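Student: pasting a predicted model and its sequence here:
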Amino acid sequence: MGKETKKQKVKEKKGHRSGESVRVLISQAQLRQRVRQMAREIRRDFPDDPLHLIGVLKGSVFFLADLARELGGEVSFDFMVVSSYGKGADSTGEVKMIKDLDVSIEGKTVLVVEDILDTGLTMKFLLRVFEEKKPKHLRVAVLLDKVERRIADVKADYAGFSIPNEFVVGYGLDYDERYRNLPDVCILRLAGRAKPLIE
Ligand code: IMP
């Protein structure tokens, strides 16, 4: 995680519903700067390849949209939808595919674009599915990495920010489908509960 300013530390704002509050963890400016750097790193590794981005809906939409515009060169993208079985931190880790890819990835340089790597179980499932489709290269870009929570043995090739074990919203990330439109990544607090459950 980058440096937090004093101002960010104290600024707790009201959330969208009573009992909910948010505070900025990563500002819009920090996001923009880091996404630009990540795009440069990716292009350095694959200067000439057309890049095929696969976004995992819905959390990755803003990250993918910003990354795609920073990448330059030939870029295409596709989306998939998955859902995890089980609720809370004790999820069984089973992942179900709701929407598969629209186009073949065989022989392509593929970049899986995810909002956050938490337990890593979703990514592990996705990589298994994608590897079977025989891409030329398969890489992972995540905006946020909650290293502490990792269960599955997966690592992002490109990670934006390592963050503490906090529930975050904004820049595409939601709590109960809300807060995705916050321009910053924020920590969400719920009155009377230490942490929202992760579904
Ligand atoms: P994993 O399979 O445990 O790595 O879970 C990844 C998914 O869990 C992400 O794509 C998010 O949808 C969700 N998730 C994990 N942590 C958070 C969080 O702090 N805020 C919002 N969603 C989260």
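Tutor: Looks like it arrived, so ask away. A quick note: this is a predicted structure, and the numbers were derived from the prediction, not measured.
Student: which residues of the chain score low on pLDDT?
Tutor: 1-10, 85-93, 193-199 (pLDDT under 70).
Student: which bits of the protein sit near the ligand?
Tutor: 59, 114-123, 167-169, 173, 198 (CB under 6 Å from any ligand atom). Placement of C-beta: from N, CA and C, glycine included.
Student: if you set the cut-off to 5 Å instead, what comes out?
Tutor: For the chain, the contact set with the ligand under CB under 5 Å from any ligand atom comprises 59, 116, 118, 119, 120, 121, 122, 167, 168, 173, 198.
Student: spatially central residue in the protein, please.
Tutor: residue 115 (0.8 Å; CA atoms, centre = their mean).
Student: direction included, what does the helix or strand harbouring that residue pair up with?
Tutor: If you go by DSSP states H and E, residue 115 is part of strand 109-117. Strand 109-117 pairs in its sheet with strand 51-57 (parallel), strand 137-145 (parallel), by DSSP bridges.
Student: tell me the first helix or strand C-terminal of that strand.
Tutor: Immediately after strand 109-117, counting by DSSP H and E, sits helix 121-131.
Student: what's that next one packed up against?
Tutor: Secondary-structure packing of helix 121-131 (3 or more CB pairs under 8 Å, 6 or more residues apart in numbering; DSSP states H and E): strand 51-57, strand 75-84, strand 95-99, strand 109-117, strand 137-145.
Student: follow-up on the earlier one: list the residues that contact the residue nearest to the centre of the chain.
Tutor: Residue 115 makes contact with 56, 59, 60, 63, 142, 143, 144, 171, 172, 173, according to CB atoms under 8 Å, 6 or more residues apart in numbering.
Student: fine by me, we can end here.
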